[in-house]
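S.K.: 3D model of this:
(one chain, ligands or ions: 1)
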Amino acid sequence: MSRKPFIAGNWKLNLSVEEGVALVRALAPAAAAGKVEVAVCPTALCVYAVAQAAAGSAIGVGGQNAYWEEKGAFTGEISASHLKAAGAKYVVLGHSERRQLFGETNETVNKRLKAVLAQGLVPILCIGETLAERDGGKLETVLKQQITGGLAGLSAEQLGTLVVAYEPVWAIGTGRTATTAQAQEAHAFVRGVLRSIVGELADKIRIQYGGSVKPDNAKELLSQPDVDGALVGGASLKAADFIAIIAAA
Ligand code: 13P
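M.R.: Just a heads-up that it's a prediction; the model follows:
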């Protein structure tokens, strides 16, 4: 089963409007060949301007989170419909930083995911274990809970566009990446869990690896059979590094 590689940059809480616009312009030629799907996920405040700057290029823009209600008295929240209206195509959901710092649970991720799908946006569902969980032999239990909890109540028909990002928490921003064997093993497990939920669609779902992906380790990670792309943090903030990662795919 061939899956189009998908490289997405998660800019996290970095880059001003001007910096984001300049970066997406610098990236545009690297995505033009079309062999790799490319996206950048700026702060919500920058989505509109970055999407405008990316218009006509092959780069898609994503949000980093979305609230489950569409509108109303929810001060400070951002909805999937607003992201869509601003030009977003994707939304990152359940990132470990949101789980660890902002109280995100599998239940709230599930609500957000349903809202994102209802808007026709592509969810990038982030999952991944902490070092303590891995060392405690809980890797598979945690991943399974995150997947089944995140996708609860959704059918294969509804999940046709789903992207999953496996991001071991201990590899995020640490410079310590999973070995190719660790990545492949986890990705194959994730695909198996997906198969138990969505059947054959599991062979079409892209599973990105995330956690200290850099130009010098991208090729090896991406060469693994179940690694279908990357969700890149730090290295997505520099045009040359992100372009090298796109080229490695
Ligand atoms: P780093 O690439 O900076 O480790 O971040 C990974 C990540 O969290 C992407 O969502």
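S.K.: alpha carbons only for contacts and neighbour counts from here, please
M.R.: Fine.
S.K.: what element comes up after the helix or strand in which residue 116 is found heading to the C-terminus?
M.R.: Counting by DSSP states H and E, the element that carries residue 116 is helix 106-118. Once helix 106-118 ends, the next helix or strand along the chain (criterion: DSSP H and E) is strand 122-127.
S.K.: Which elements pack onto that next one?
M.R.: Taking 3 or more CA pairs under 8 Å, 6 or more residues apart in numbering; DSSP states H and E as contact, the helices and strands that strand 122-127 lies on are strand 90-93, helix 106-118, helix 139-150, strand 163-166.
S.K.: Please repeat the previous calculation with a cut-off of 10 Å.
M.R.: Contact analysis of strand 122-127 by 3 or more CA pairs under 10 Å, 6 or more residues apart in numbering; DSSP states H and E lists strand 59-63, strand 90-93, helix 96-101, helix 106-118, helix 139-150, strand 163-166, strand 206-210 as its packing neighbours.
S.K.: And the average pLDDT for the helix or strand just after that strand is what?
M.R.: Proceeding C-terminally, strand 122-127 gives way to helix 131-135 as the next helix or strand, assigned by DSSP H and E. Model confidence over helix 131-135, given as mean pLDDT, is 95.
S.K.: How about stretch 4-11?
M.R.: Model confidence over stretch 4-11 averages 98 on the pLDDT scale.
S.K.: any residue of that stretch up close to the ligand?
M.R.: Yes: using CA under 6 Å from any ligand atom as the criterion, contacts between stretch 4-11 and the ligand involve residue 10.
S.K.: Quick one: distance of that stretch to the chain centre.
M.R.: Using CA atoms, centre = their mean, to the nearest Å, we find the averaged C-alpha position of stretch 4-11 to lie 7 Å away from the chain's own average C-alpha position.
S.K.: near the ligand, which residues of this structure show up?
M.R.: The chain comes close to the ligand at residues 10, 172-173, 210-213, 231-235, as judged by CA under 6 Å from any ligand atom.
S.K.: and the longest helix for this protein?
M.R.: Counting residues, the longest helix in the chain under DSSP state H turns out to be helix 180-198.
S.K.: got the helices and strands packed on strand 122-127 as a markdown table, with mean neighbour count and mean pLDDT columns?
M.R.: Shown next, in a markdown table, are the helices and strands packed on strand 122-127 (neighbours: other CA atoms under 10 Å; pLDDT from 0 to 100):
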| stretch | mean neighbour count | mean pLDDT |
| --- | --- | --- |
| strand 59-63 | 28 | 98 |
| strand 90-93 | 27 | 98 |
| helix 96-101 | 14 | 98 |
| helix 106-118 | 22 | 98 |
| helix 139-150 | 18 | 98 |
| strand 163-166 | 26 | 98 |
| strand 206-210 | 29 | 98 |
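S.K.: ok so, going back, can you tell me which of the residues of the chain next to the ligand are in strands?
M.R.: Secondary-structure check on the residues of the chain next to the ligand using DSSP state E: residues within strands are 10, 210, 231-232.
S.K.: Most widely separated two among those?
M.R.: Taking CA to CA, the two most distant members of these are 10 and 210; they sit 9.7 Å apart.
S.K.: intersection of neighbour lists for those two?
M.R.: With contacts defined as CA atoms under 10 Å, 6 or more residues apart in numbering, the residues adjacent to both residue 10 and residue 210 are 231-233.
S.K.: Quick check: which helices or strands does the longest helix of the chain pack against?
M.R.: Judged by 3+ CA pairs under 10 Å, 6+ apart, the packing partners of helix 180-198 are helix 139-150, strand 163-166, strand 206-210, helix 215-222.
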